[in-house]
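Peer 1: with the input below, show me the fold.
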Amino acid sequence: MARLLPLLVIAVWIFIWYRNRKGASARPRRTAAAAAPARLSKEAAALGLLPQDRQDTKRLLRDPQIDGAREAAERGAWEPAAEAMTAIGKDWERRTALVISLARAAADEDAWLTAWEAARPGDPGAAAVRARSTVFLAWQLRGARTADRTSAEQFEGFHRVLLRAREDIARAIELAPEDPSPHVSDLWAGLGLGYPHAYMHELWAEITDRAPHHYEAHYSALQYWCGKWHGSAELARDFADKAASGAPAGTLLPALRLVAHFEHLDRPFNGKHYRTPEAMAMVDTLLADLPAVRPDHPRLPEARHLLAFFLVKQKRHAEALEQFRLVDGCVGSLPWSYFEDPAEKYCDYRERAVQGAR
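Peer 2: Numbers count the residues shown, from 1 in each chain. This next block holds a predicted model:
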C-alpha cells in the first residue's frame, strides 16, 4: 500500500490537530509537592544500590551491542552500526531498538549517517535510521512544551519536517518491505500530524502483518490512542486490553495495561488508583509474564520500572525491591521520565521499597 497520503489531506489534518490540541502537552510533566532530596540510606547502600547522582536518566538499559553501535556513531564511525544491523537481522524488536538509538544520535549529528548512505546507497538499515532520525528532528523542533507555549514557527517547522519524514519512511519501507521499523516511525509521524483513525487502523494492519506482537510498535500506537493525543482513556485501555489478552507469554504486552492506566490518572500519586482489584490484576499478570521474557528484550527494564512503581503503591514492598535491584542505575523510563527530577523520584520510591521490605 502506498505510504504517502495526499498533501492536501495531511494539511487539513494538521489544521485540525493544531486546533484540537491547543493546550495539550507533548510529554506531560507530573509534579508533586516539594520533598527533601533523596539520600542513600544505610539499608540501600548495604544492598549495593546506587545513590541518586549515579542514576542515568537518559538510558533505559545498558546493551553492549546497541550502545557500542551508537557510541561509534557519535564518534563519527558508521561501520559498527551497519555491522550491528546485519548481526541483529530479523530480530525485529532489537532491530527497532537499534534504529531508535542510532536515530537519536543522527538527529543531533548526522555526518556519520550521511557517510553510511554515500558508501552503501540503498542500504535498508541506513534508510530506517534516516527515517526515524527525521521524525526525532521534527519533535526537537517542536519542543516539549504545551501547545499554548509553542510558537507558530515551531509548529511550522515541526509539521514541515514530519512531512519530509514521511518521504524517508516510504523509502525505508520500499528498501525493506518486511521490516516493521519504518512503520513504527510512521506511528510517531502520525502522532504529530494527526493521522485519521481510519488511516491509523490501516497502518496498524501493516505492522501486525509483519510483527503481530512487537512491543515497541504497540507502545507507540498506544500513545496515539491516549487521551492526550488522538484518542481517549477508553480507547487506550481497550487497545491495551486487546493486545495483552491475545499475546503469547514473553511478549511484555501485559505492560501496556500499566502504561494506559498511568497515562490517564489525573492524580498519579493517589495510591487508591493502584490498589483496585483491576490494578492488582494488571500487576500480577505482568509479573507472571516476566519469566518467559527474553533477558535481552530492549523494553524489559521499563516493564520492571513500571512494576516497581505500581508495587510500591500497592504496598508490596518486597516485590517492588526485587524489581528495583534489577534496574538500578538506569532510570530513563516510565514512570520516572514523566517527573521533573526522574532520579530523585526513582530514589524516593526505591527507598520506600527498601524500608517497607525490612
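Peer 1: show me the domain layout of the protein.
Peer 2: For the chain, the structural domains run 46-60+213-358, 62-211, going by automatic domain parsing.
Peer 1: what's the end-to-end length of the first one?
Peer 2: With CA to CA, to the nearest Å as the measure, domain 46-60+213-358 spans 12 Å from end to end.
Peer 1: so the residue nearest to Asp63 when sequence neighbours are not counted: helix, strand or coil?
Peer 2: Nearest in space to Asp63, with sequence neighbours left out and distances taken as CB to CB, 6 or more residues apart in numbering, is Pro298 at 6.7 Å. For glycine as for every other residue, the C-beta is placed from the backbone atoms N, C-alpha and C. Three-state call for Pro298 (DSSP: H, G, I helix; E, B strand; the rest coil): coil.
Peer 1: and Pro298, how close does it get to Ala255?
Peer 2: To Ala255, Pro298 is 13 Å away according to CB to CB, to the nearest Å.
Peer 1: again with Arg171
Peer 2: Arg171 is 32 Å from Ala255, by CB to CB.
Peer 1: so between the two, which is more surrounded?
Peer 2: Ala255 (30 against 17; other CB atoms under 10 Å).
Peer 1: show me the contacts for the nearest residue to the more buried one once chain neighbours are set aside.
Peer 2: In this structure, Ala255 finds its nearest non-sequential neighbour in Ala303, 4.3 Å apart by CB to CB, 6+ apart. With contact taken as CB atoms under 8 Å, 6 or more residues apart in numbering, Ala303 is in contact with 252, 255, 258, 286, 290, 293.
Peer 1: so who does the fifth one touch?
Peer 2: Leu290 makes contact with 300, 303-304 under the criterion CB under 8 Å, 6+ apart.
Peer 1: JSON lines for these, including pLDDT and distance to Glu167?
Peer 2: Conversion of the contacts of Leu290 to JSON lines gives the following (pLDDT from 0 to 100; distance: CB to CB, whole Å):
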{"residue": "Leu300", "pLDDT": "97", "distance to Glu167": "34"}
{"residue": "Ala303", "pLDDT": "97", "distance to Glu167": "34"}
{"residue": "Arg304", "pLDDT": "98", "distance to Glu167": "38"}
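Peer 1: including distance to Ala107, could those residues go into CSV?
Peer 2: Shown next, in CSV, are the contacts of Leu290 (distance: CB to CB, whole Å):
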residue, distance to Ala107
Leu300, 25
Ala303, 26
Arg304, 27
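Peer 1: just give me the closest of those residues to Lys42.
Peer 2: Arg304 (24.4 Å; CB to CB).
Peer 1: so which strand or helix has that closest one?
Peer 2: Assigned by DSSP states H and E, Arg304 belongs to helix 300-313.
Peer 1: can I get that helix as CSV, trimmed to CA atoms?
Peer 2: Below are the C-alpha coordinates for helix 300-313, written out as CSV (Å, rounded to 0.1, in the frame of the first residue of the first chain):
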residue,chain,number,x,y,z
LEU,A,300,12.1,-5.3,29.7
PRO,A,301,13.7,-2.8,32.1
GLU,A,302,10.8,-0.4,31.5
ALA,A,303,8.3,-3.1,32.5
ARG,A,304,10.3,-3.6,35.7
HIS,A,305,10.3,0.1,36.4
LEU,A,306,6.5,0.3,36.0
LEU,A,307,6.1,-2.8,38.2
ALA,A,308,8.3,-1.3,40.9
PHE,A,309,6.2,1.9,40.9
PHE,A,310,2.9,0.1,41.0
LEU,A,311,4.1,-2.4,43.6
VAL,A,312,5.2,0.4,46.0
LYS,A,313,1.8,2.0,45.5
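Peer 1: any idea how far it is from the chain center?
Peer 2: 15 Å (CA atoms, centre = their mean, to the nearest Å).
Peer 1: next: stretch 197-206.
Peer 2: 19 Å.
Peer 1: cool, stretch 336-356 as well?
Peer 2: 19 Å.
Peer 1: in it, which residues are buried?
Peer 2: 336-339, 341-354 (16 or more other CB atoms under 10 Å).
Peer 1: check stretch 261-274 too.
Peer 2: 261-264, 268, 273-274.
Peer 1: ditto for stretch 221-241
Peer 2: Neighbour counts using 16+ other CB under 10 Å place 221-226, 228-231, 233, 235-237, 239-240 of stretch 221-241 among the buried residues.
Peer 1: of the domains of the chain, which approaches Arg39 most closely?
Peer 2: domain 46-60+213-358 (7.8 Å).
Peer 1: for the helix or strand Ala243 falls within, list the C-alpha coordinates in PDB.
Peer 2: Per DSSP H and E: Ala243 is located in helix 233-245. C-alpha atoms of helix 233-245 as PDB (Å, rounded to 0.1, in the frame of the first residue of the first chain):
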ATOM      1  CA  ALA A 233      -8.800   6.700  28.100                       C
ATOM      2  CA  GLU A 234     -11.400   4.200  26.900                       C
ATOM      3  CA  LEU A 235      -9.700   3.700  23.500                       C
ATOM      4  CA  ALA A 236      -6.200   3.400  25.100                       C
ATOM      5  CA  ARG A 237      -7.300   0.900  27.700                       C
ATOM      6  CA  ASP A 238      -9.300  -1.100  25.100                       C
ATOM      7  CA  PHE A 239      -6.200  -1.200  22.800                       C
ATOM      8  CA  ALA A 240      -4.000  -2.300  25.700                       C
ATOM      9  CA  ASP A 241      -6.500  -5.000  26.800                       C
ATOM     10  CA  LYS A 242      -6.800  -6.400  23.300                       C
ATOM     11  CA  ALA A 243      -3.100  -6.600  22.900                       C
ATOM     12  CA  ALA A 244      -2.400  -8.200  26.200                       C
ATOM     13  CA  SER A 245      -5.200 -10.700  26.200                       C
END
